[in-house]
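**Q** Based on what follows, work out the 3D shape:
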Amino acid sequence: MAERQGPLTGVKVIELAHIMAGPVCGLMLADMGADVIKVEKVPDGDDSRRFVPPTYGDEAAAFMMMNRNKRGIALDLKTEDGKEVLRRLLIDADIVIENYRQGTMEKLGFGYESLKKINPVLIYVALSGFGRTGPYADRGGFDLIAQGMSGLMSLTGEGPGRPPCKVGPPVTDITAGIIAAMGALAAYTHRLKTGDGQKVDTSLFEAGITQTYWQSAIALATGIAPGPMGSAHPLNAPYQAFQTSDGWITLGAANQNNWLKMLRALDLAELSEDPRFLDNHSRIKQQKELANVLGPVLREKTTEEWLERMELAGVPAGPIFDVCQMHEDPQTIARDMVVEVEHTTEGKVKTLGLPVKFSRTPGKVVHGAPLYGEHSRDVLAELGYSVDQVEKLEGAGVVTVQ
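**A** Numbering: from 1, shown residues only. Below is the predicted model of the structure:
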């Protein structure tokens, strides 16, 4: 296995998480160099192993995306021997990540209050649908539910009167995982200063709420809940997608200087004196009328022609890519956001890269996602289990090994 690197090299993380939010947290830490040991259930493992198609050979592409850079052990936590393995893993761990239902870790004997007795400096990260406190603490939660309840689905779509629309990616899952990683690192920093461990608690619901900063600002100030606006912005105009003669373009004339530059690029300098559009406040009030004025002009030329004009004028603008086009864009490639990684059985496969760049301690995707139980033997050996002991555990169904 390639040597891991990054600012978290030497940090030991135990991931007791499945599918999305918890694994995103583990992924962030692993890509920054932490040794993330993913503990999968016996039998079957992480449910995302069955999110097929598509696959690479026999491996689910979804699982491979979320779990690269991690080591994997398959463990039956319903057995006393399985619990003992986990206890040994946790006794010197720096961070543990779990996204079980409320009370599950406590029933297993691994709740925070129990774990801090054996590892007082442990950072315990709990992800859930709604958080570990409050009236909804016992509810399960999924991205779709969190998007609906956090307000996101009321803001997404082409406009009023249309059916509710979710954000395409599971944005609350992904955001919760990133926030949890941030919280884990903040707690770890506190531990370096004081020697104290602590519990970090976040949720999909809160992750969705954090995506509503602008709309919540409006609602808290006015008492009126904003609604869907398509690609437009509630506080700036023009700041949206427009159709061209052969596709679409996004224009970000979000301040007065860019507005005037854009007008020159569109050969519409006369609009700078139009009382309807004199400043951003006016343009927001007349947003639909402004789009009706700009729309026909933008449909006269191709996306490429407008992008060239906007580039020359210094106006923020861009094409609308599909995901494959995004993968192939030279900026994506230059920023190492699509990389090749070696997988144990499938050879070189492509995955997404680390979105944070470090000048002195760069993180890196160094190996693919683990096969089911791929590192069970290695991890058990590190914990002091002999070859005979591992074979006995395997024979009893406590662990699965490759």
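
**Q** rest of the way, CA atoms for contacts and neighbours
**A** Fine.

**Q** domains for this structure, by residue range?
**A** For the chain, automatic domain parsing gives the domain ranges 12-211+329-400, 239-243+248-319.

**Q** got the ones you listed as JSON lines, with distance to Arg4, mean neighbour count and mean pLDDT columns?
**A** JSON lines is the format used below for those (distance: least, CA to CA, whole Å; neighbours: other CA atoms under 10 Å; pLDDT from 0 to 100):
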{"stretch": "domain 12-211+329-400", "distance to Arg4": "6", "mean neighbour count": "19", "mean pLDDT": "97"}
{"stretch": "domain 239-243+248-319", "distance to Arg4": "36", "mean neighbour count": "17", "mean pLDDT": "96"}
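
**Q** out of those domains, which comes closest to Ala225?
**A** In terms of CA to CA, the element of these nearest to Ala225 is domain 12-211+329-400, at 9.0 Å.

**Q** okay, how far is it across that closest one, tip to tip?
**A** 22 Å (CA to CA, to the nearest Å).

**Q** any idea which helix or strand carries the nearest residue to Asp201 once chain neighbours are set aside?
**A** Distances taken as CA to CA, 6 or more residues apart in numbering place Ala126 nearest to Asp201, at 4.9 Å, with adjacent residues excluded. Using DSSP states H and E, Ala126 sits within strand 123-128.

**Q** go on, Ile249?
**A** Using DSSP H and E, Ile249 sits in strand 248-252.

**Q** what angle do the helix or strand following that strand and strand 248-252 make?
**A** As assigned by DSSP H and E, the chain's next helix or strand after strand 248-252 is helix 256-265. Between helix 256-265 and strand 248-252, the angle comes out at 140 degrees (axes from the mean of the first three to the mean of the last three CA atoms, to 10 degrees).

**Q** For the residue lying closest to Ala241 once chain neighbours are set aside, give me its contacts.
**A** With sequence-adjacent residues excluded and distances taken as CA to CA, 6+ apart, Ala241 is closest to Thr250, at 4.2 Å. Shown in contact with Thr250 (CA atoms under 8 Å, 6 or more residues apart in numbering): Tyr239, Gln240, Ala241, Phe242, Ala317, Gly318, Pro319, Ile320.

**Q** which strands and helices sit next to the strand or helix carrying Arg309?
**A** Per DSSP H and E: Arg309 is located in helix 303-313. Helices and strands touching helix 303-313, by 3 or more CA pairs under 8 Å, 6 or more residues apart in numbering; DSSP states H and E, are strand 248-252, helix 256-265, strand 317-319.

**Q** which residues are contacting the shortest one?
**A** Counting by CA under 8 Å, 6+ apart, strand 317-319 makes contact with Trp248, Ile249, Thr250, Leu251, Gly252, Thr303, Leu307, Met310, Glu311, all of which sit outside it.
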